[in-house]
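Trainee: Could you look at this predicted model? Sequence included:
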Amino acid sequence: MAVMAVLRPVGRFLAGGWRVLDATRRALLNLLLLVLLLGLLLAWLNRGPKPLPEKSTLVLNLQGRLVEQYAGSAREQAVAQLRGNRPEAQTQLRDVLRVLEAAAQDPKISTLLLDLGEFAGGGQAQLREVAAALQRFKKDSEGKKPVIAYGDGFDQRGYLLAAQADQVLLHPMGLVLIEGFGRYRSYYKDALDRLGVQANVIRVGTYKNFGEPYFAQQPSPATLESDAYLYDDLWQRYTGALEEARKLKRGAIAQAIEQLPQRLAAVKGNTAELALKEGLVDALKTRDELRELLIEKGARAEQSKSFRQISLGAYLAQLPASRETGPALGVVVAEGEIVDGSADAGKVGGDSTAELIRKARENERVKALVLRVNSPGGSAFASERVRRELELTRKAGKPVVVSMGDVAASGGYWISMAADRVIADPATVTGSIGVFAMLPTGEKLMDKLGVNSAGYTTTWLAGGGYDPRRALDPRMRASVQSAIEHIYEDFVGRAAGARGKQPAEIDKVAQGRVWTGAQALDRGLVDQLGSYGDALQAAAALAKLEDKALPPLIYMERERGRLERVLDGLGDVLAPPLLQSLRAQLGLPPLLLQAGSELAWLAELGQGRKPFAAVVHCLCSAP
């Protein structure tokens with residue numbers, strides 16, 4: 001009993017202490033909850049961007065490549081970061097156009113700074129869209145909002161945009177690099193011969209040169225003729241645009257390049273001084289001098305030594321969303337290689353892109369559809385899947401307008417053939433109506449390795465029709481030739497029907513040859529020359545949406561499922577280490593790795609488990 005009497009006060013003390021501790025815990029948790037609720041309330045009250053101060057400078061800081069839509073997904077960006085790579089920056093063309101249109105009317109914006117320090121370029125058609133938008137900005141603001149372009153240096157693509165500015169400023173150690181258009185291809189015939197590999201390219205079209213690097217040692221006369229006709233036209237348009245914007249004499253750019261060694265020596269190798277002397281820039285300034293200039297033209301930012309400014313992304317975020325009701329125009333972007341099945345943004349999947357078009361057709365708000373094409377082609381089957389859905393859209397009573405971007409050739413032209421109107425930029429690369437197939441075989445390589453292939457089949461086609469280990473059977477070659485000739489005739493026939501011409505007329509300008517948009521117009525392959533905005537206006541007019549303002553735009557874009565993202569993520573993480581290990585063990589030279597990457601599209605086509613795949617690809621890219 002005595003022990004219990006001693007322990008009883010201790011128990012009461014511990015119980016009391018526990019009650020105090022429990023009360024303190026609950027009070028702290030309640031206080032934390034209260035702080036959290038107050039924070040959420042303040043965040044709700046202060047939601048949205050901060051008001052833009054007067055005399056602000058819009059910094060048009062173009063990041064990475066100019067694209068029609070963001071390629072890849074958030075998952076791919078995360079995987080790149082896990083690998084230690086910096087995710088590729090991208091800027092959507094439509095965002096740039098929207099920001100410039102809004103900023104021209106915004107009284108808070110007093111100056112536009114074009115910052116091209118991290119700009120990775122775009123195709124000629126895209127660049128011309130932005131250049132035209134810069135000119136509209138100057139016109140709509142009635143010259144009251146100066147446009148200043150600044151660069152530590154300007155490459156050929158970035159300078160086309162910079163030249164539109166009222167002032168072009170260059171760092172004193174910078175240069176303006178204008179090179180011209182053209183390309184050198186790698187030709188692998190000798191390397192493949194040494195390996196014992198035959199390309200077996202089967203094609204229709206004199207100018208269909210996609211497979212040429214694998215069966216020839218140099219470009220054919222037809223290829224050189226086609227390239228010269230294409231690049232010369234693009235170059236004249238490019239230099240003409242620069243000379244007009246910078247008020248230079250006609251031919252000044254070409255003459256300066258021709259005399260570059262002498263002219264550069266005259267300024268003792270000072271590239272920035274040469275750019276100033278040639279009239280390509282207006283002044284040489286360091287970044288701190290640029291900062292002071294913009295403070296003078298605008299205003300100094302509060303609590304900062306810099307000027308009042310807002311970036312492209314921040315300005316875009318504060319623009320109002322388009323209205324969610326009423327008639328609208330649907331927009332489907334077809335950018336990248338055309339492949340069978342489904343594909344993420346950055347490629348045109350036959351199934352996935354067809355599905356987007358179908359959704360636009362079934363959307364009651366969508367009164368007309370604009371297909372924005374920026375593709376060099378790919379699978380003929382996938383191209384037809386997309387074209388058919390456009391044809392059904394027209395039959396459903398919804399007009400279809402095709403807007404051609406940098407490239408709309410071969411398969412990119414195929415998917416453009418079911419439109420009420422086709423609008424191309426003068427610098428669009430288009431046409432390339434032709435078909436080819438490639439069935440590589442390595443029978444001589446097998447001989448070198450001492451590996452034999454033999455067995456029994458009930459027919460020559462079973463296993464022997466096309467087996468990369470064995471020489472291509474002449475019967476298989478003849479069958480494939482017949483099949484792709486049929487596809488070519490189908491291509492030409494569809495193009496003739498779409499363009500209101502006879503097949504013989506289309507065949508004369510087909511044969512796999514590429515044209516600029518202006519050249520294509522002369523040959524009846526497109527309806528008119530114009531911009532993306534012109535295509536939107538045309539679609540609105542065809543749908544009889546005669547309101548003065550352009551109808552809202554609904555961009556039809558594919559969303560990926562969670563399971564698909566996880567599975568693709570596993571493949572992306574595991575595949576590169578395995579590939580790197582194989583490269584290290586085999587000691588493959590860089591040239592063969594380059595050839596392998598250029599032939600990667602064959603693996604994609606081969607997943608269809610077909611004896612061969614007909615390809616409508618132009619082997620061309622935006623210059």
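Mentor: All right, it came through fine. Residues are numbered from 1 along each chain as shown.

Trainee: Okay, strands next: where are they in the stretch 251-400 of the chain?
Mentor: 283-284, 309-311, 328-335, 338-339, 348-349, 366-375, 377-379, 400-409 (DSSP state E, counting those that start in this stretch).

Trainee: And these: which comes nearest S531?
Mentor: Comparing the strands of the stretch 251-400 of the chain against S531 with Cβ to Cβ, the closest turns out to be strand 400-409 (8.0 Å). Where C-beta positions appear, they are placed from N, C-alpha and C, glycine not excepted.

Trainee: for the chain, which spans come out with low pLDDT?
Mentor: 1-18, 20-22, 39-50, 72-87, 464, 548, 559-613 (pLDDT under 70).

Trainee: domains of it?
Mentor: 56-176+281-315, 328-617 (automatic domain parsing).

Trainee: Can you tell me which of the strands of the stretch 251-400 of the chain is most buried?
Mentor: strand 400-409 (a mean of 30; mean count of other Cβ atoms under 10 Å).

Trainee: related to what we said a few turns ago, reformat the strands of the stretch 251-400 of the chain as CSV; add distance to N452.
Mentor: Listed next are these as CSV, based on distance: least, Cβ to Cβ, whole Å:
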stretch, distance to N452
strand 283-284, 70
strand 309-311, 65
strand 328-335, 46
strand 338-339, 35
strand 348-349, 40
strand 366-375, 43
strand 377-379, 34
strand 400-409, 43
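
Trainee: between these, which gets nearest to D140?
Mentor: strand 309-311 (18.4 Å).

Trainee: What pairs with the closest one, parallel or antiparallel?
Mentor: Sheet pairing for strand 309-311, assigned by DSSP bridges, gives strand 56-61 (parallel).

Trainee: Which is the succeeding secondary structure element to the partner strand?
Mentor: As assigned by DSSP states H and E, the chain's next helix or strand after strand 56-61 is strand 64-67.

Trainee: List the contacts of the residue nearest to S416 when sequence neighbours are not counted.
Mentor: What sits nearest to S416 in space, not counting adjacent residues and going by Cβ to Cβ, 6 or more residues apart in numbering, is V402, at 4.4 Å. Taking Cβ atoms under 8 Å, 6 or more residues apart in numbering, we find V402 in contact with V370, L371, V373, A408, S416, A419, R421, V422, I423, A535.

Trainee: Just the buried residues of stretch 283-299, please?
Mentor: The neighbour-count check on stretch 283-299 (16 or more other Cβ atoms under 10 Å) flags L284, K285, L290, R291, L293, L294, I295, K297, G298, A299 as buried.

Trainee: Just to check, V267 is in contact with K277?
Mentor: Yes. V267 lies in contact with K277 (Cβ atoms under 8 Å); the separation is 6.4 Å.

Trainee: What is the burial count for M417?
Mentor: Using other Cβ atoms under 10 Å, M417 has 22 other residues around it.

Trainee: Would you mind listing the outside residues contacting whichever strand or helix holds W235?
Mentor: Element membership for W235, per DSSP H and E: helix 221-245. With contact meaning Cβ under 8 Å, 6+ apart, helix 221-245 is reached by 124, 128, 131, 159-160, 163-164, 178, 180-183, 206-207, 209, 212, 219, 248-254, 426-427, 429, 513-516, 518-519, 623.

Trainee: List the buried residues for that helix?
Mentor: For helix 221-245, burial by neighbour count (16+ other Cβ under 10 Å) applies to 222-223, 226-227, 230-231, 233-235, 237-239, 241-243, 245.

Trainee: And for stretch 268-276?
Mentor: Neighbour counts over stretch 268-276 (16+ other Cβ under 10 Å) mark N270, T271, A272, E273, L274, A275, L276 as buried.

Trainee: so who does the last one touch?
Mentor: Shown in contact with L276 (Cβ under 8 Å, 6+ apart): L170, D282, A283, L284.

Trainee: Nearest to E337 among those residues?
Mentor: Closest to E337, out of all of the contacts of L276 and judged by Cβ to Cβ, is L170, at 37.1 Å.

Trainee: show me what contacts the closest one?
Mentor: Taking Cβ under 8 Å, 6+ apart as the test, what L170 contacts is 150-154, 176, 272, 275-276, 281, 283-285.

Trainee: follow-up on the earlier one: report the two of the buried residues of helix 221-245 separated the most.
Mentor: Across these (Cβ to Cβ), the longest gap, 35.4 Å, separates A222 and A245.

Trainee: Can you get me a residue count around the closest residue to L542 other than its chain neighbours?
Mentor: Leaving aside its sequence neighbours, L542 sits nearest to P399 (Cβ to Cβ, 6+ apart; 3.6 Å). Using other Cβ under 10 Å, P399 has 21 other residues around it.

Trainee: List the buried residues for whatever helix or strand L161 lives in?
Mentor: For L161, the host element (DSSP H and E) is helix 156-162. Within helix 156-162, the residues scored as buried using 16+ other Cβ under 10 Å are Q156, R157, G158, Y159, L160, L161, A162.

Trainee: Equivalent analysis for stretch 192-212, please.
Mentor: For stretch 192-212, by 16+ other Cβ under 10 Å, it's 192, 197-212.

Trainee: Endpoints of it, how far apart?
Mentor: Start-to-end span of stretch 192-212 (Cα to Cα, to the nearest Å) is 13 Å.

Trainee: So which of the contacts of L170 belong to helices?
Mentor: If you go by DSSP state H, the contacts of L170 have A272, A275, L276 in helices.
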